[in-house]
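1. Below are the sequence and a predicted model for it; my questions follow.
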Amino acid sequence: MFRLLARWVRRPLLPAVRLWRRNIQLRVVAGTLLMSLGVVLLLGLVVIGQVRNGLLDAKERAAQSQAAGGFSAAQDRAAITSSAPGQQDGGRTGASVNWRSTLVEQLASGGQSAFNVVALSLDSGDTASRGVRASGEVDPTKSIPADLRLNVAQGTNTYQKSTRIHYTSGDPSEAGLVIGKRLNDADGTPYELYYLFPLTQEEDSLTLVKGTLATAGLFVVVLLGAIAWFVVRQVVTPVRMAAGIAERLSAGRLQERMKVTGEDDIARLGEAFNKMAQNLQLKIQQLEELSRMQRRFVSDVSHELRTPLTTVRMAADVIHEARVDFDPVTGRAAELLGDQLDRFESLLSDLLEISRFDAGAAALEAEPIDLRQVVRRVIGGAEPLAERKGTRIVVLGDEQPVVAEADARRVERVLRNLVVNAVEHGEGRDVVVKLAAAGGAVAVAVRDYGVGLKPGEATRVFNRFWRADPARARTTGGTGLGLSIAVEDARLHGGWLQAWGEPGGGSQFRLTLPRTADEPLRGSPIPLEPEDSRRNREQAAVGRVQESARRVAVPAQPVGDRPSLPVPPRLPAAPRATVDPTALPGSGSRVVPRAATGSDSAGASAATAGGTGNAEREDGTRGR
């Protein structure tokens, strides 16, 4: 469920992710924008902090100066009121009743809404002379913090604190600064005097600075993004042009060149690229000319040798017919001459065939054929050699027709080469030929139990004139070109010629062809590594051991304690085609070296080589 949900969420993002991975200009511009935004935000925070601190410091100094003047004026007024002449006791008492209200009004009148003044008594008395006095409809209970009042009541210094100023008129509260001090009135009674300074102007100034910085920062980010896009475009455009031209060069259009303008580094890059392309074109033309000359030379030599070879063949036949009249040494020489002439003719035929493949003149004459008939003809031709070697050829999978559109002559040549090689290198053991068809492919596998392949041989086995053992005699007259021609025949059909092998465990060659001539191959109905390989036998043995251990570990359950359950009948398994992953093109090749003890239990993996690439990459067999 979570996987389906993740896939559903990820699907709309795939185009954006693909664009992000493929577009370097987008990544550079996006990175520039993100880094510019981070820098602008950081600078904005720093500037705003500095401006806020500067405004608050200036406001604090002005407020302290204003409050100090007010506290001094209150003390002077209290002193003047207490020493005024001609006042009786009753008159002095009446005058002191309104002195706090008058004091608050006089002190607040010089502020012009720049600050408010509040006078509070130290005790909780309710007398008029000791009540709360405030200007500007300020609510002293909510506006003056309790901890500030405690500090003012207990000390004689000036104290200050930031707060929210609330009003009894219902106006919204605002940030402010409160400065308070304990004083004595005209009667000598201590009271608290506070100055409340609103920070509205400072907040407005800070808001203006924030808006200005945000606008300027956005403009700077957009400008940097545009600059980055323009600069990167100047660099990326030639690179994209070079990439496109390189792709066209790889496609064979060697005349493509970059357009060079200016004398900067990009222009030097373009000039170097064009010079490289020109040199590459010249080298390729030289190699093509050399290859054409080599192909022409091989073809001309092969054709020119036909006439003298025919004459030599006629003379050799005459000598061979009269060998009974010669002495034994001369008669043996006549036999050797005939055998070598046969091999020479085969070599000339193979050279002519290879030259046709090199020149691209090989044509495929495809028609529906039954591979069983081709296999029977090949086995019939190889029976004499198999009898001399003491080898038995076994055919499997020929119960049903195996039909494909192919060139019967070329397929028979490939299978003849594989079967004869298997008999020759099988060391007298059985050779198994297996046929199968599944999906859109048919396959023929030839399995022998001879010397197998050594490490490193699989990558060279399809090379021309390559031999697995240079000291091994060619008793059947092989030319060293059979597997090379077989690979070309398989490639001409759009098929694969592959091989598996292990030292001392034999080898298996597999020819896979499409059912129809133009159908691409996606797999093979026969596994490349046979079931009786050393690795498969070891895995099967390990599986049997594990299964036995599991059965021993599980205790037997008594059957008499519970009723037996009905067991449904087992249905036969549906047949399915086995598609070998190593059959895919470009699977490479691998050979597992034989263990030093020579035992079959030594670990060994398979040697594979594909027949869809060049000879160095083909999955191959031994050079025969």
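-> Received, thanks.
2. Please count neighbours and contacts with C-alpha atoms only from this point.
-> OK.
3. Remind me which helix or strand residue 484 belongs to.
-> Applying DSSP states H and E as the criterion places residue 484 in helix 482-492.
4. name the helices or strands packed onto that helix?
-> Helices and strands touching helix 482-492, by 3 or more CA pairs under 8 Å, 6 or more residues apart in numbering; DSSP states H and E, are helix 328-358, helix 408-425, strand 496-502, strand 506-514.
5. how big is the angle separating the shortest one from helix 408-425?
-> When you say that, I think you mean strand 496-502. Following axes from the mean of the first three to the mean of the last three CA atoms, to 10 degrees, one obtains 10 degrees for the angle between strand 496-502 and helix 408-425.
6. starting at the chain centroid, how far to strand 496-502?
-> The chain centroid and the centroid of strand 496-502 are separated by 31 Å under CA atoms, centre = their mean, to the nearest Å.
7. What mean pLDDT does it get?
-> Within the predicted structure, the mean pLDDT of strand 496-502 is 87.
8. Name the next helix or strand following the helix or strand of the chain with the lowest mean pLDDT along the chain.
-> Lowest on mean pLDDT, DSSP states H and E among the helices and strands of the chain sits helix 89-97, with a mean of 46. Tracing the chain C-terminally past helix 89-97 and defining elements by DSSP H and E, one meets helix 99-109 next.
9. which strands and helices sit next to that next one?
-> Applying 3+ CA pairs under 8 Å, 6+ apart, we find helix 99-109 packed against strand 116-121, strand 133-134.
10. how about low-confidence regions in the protein?
-> Within the chain, the segments meeting pLDDT under 70 span 1, 82-98, 111-112, 123-131, 358-361, 458, 467-479, 553-624.
11. So which of the helices and strands packed on helix 482-492 is nearest residue 144?
-> Of all the helices and strands packed on helix 482-492, it is strand 496-502 that lies closest to residue 144, at 93.6 Å by CA to CA.
12. Going by contacts, tell me the helices and strands next to the closest one.
-> Identification of packing neighbours for strand 496-502 by 3+ CA pairs under 8 Å, 6+ apart yields helix 482-492, strand 506-514.
13. looking at those, which is buried most?
-> Mean neighbour count (mean count of other CA atoms under 10 Å) peaks for strand 506-514 among the helices and strands packed on strand 496-502, with a mean of 28.
14. buried set for the next helix or strand after that one?
-> On the C-terminal side of strand 506-514, the nearest following helix or strand under DSSP H and E is helix 534-553. Within helix 534-553, the residues scored as buried using 16 or more other CA atoms under 10 Å are 534-536, 538.
15. Format the CA atom coordinates belonging to stretch 405-417 as CSV.
-> Listed next in CSV are the C-alpha coordinates belonging to stretch 405-417 (Å, rounded to 0.1, in the frame of the first residue of the first chain):
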residue,chain,number,x,y,z
GLU,A,405,12.3,-18.1,-40.8
ALA,A,406,16.0,-18.6,-41.5
ASP,A,407,18.6,-19.4,-44.2
ALA,A,408,18.8,-23.2,-44.1
ARG,A,409,22.3,-23.2,-45.6
ARG,A,410,23.8,-20.8,-43.0
VAL,A,411,22.0,-22.4,-40.1
GLU,A,412,23.3,-25.8,-41.2
ARG,A,413,26.8,-24.4,-41.4
VAL,A,414,26.6,-23.0,-37.9
LEU,A,415,25.3,-26.2,-36.4
ARG,A,416,27.7,-28.3,-38.3
ASN,A,417,30.6,-26.3,-36.9
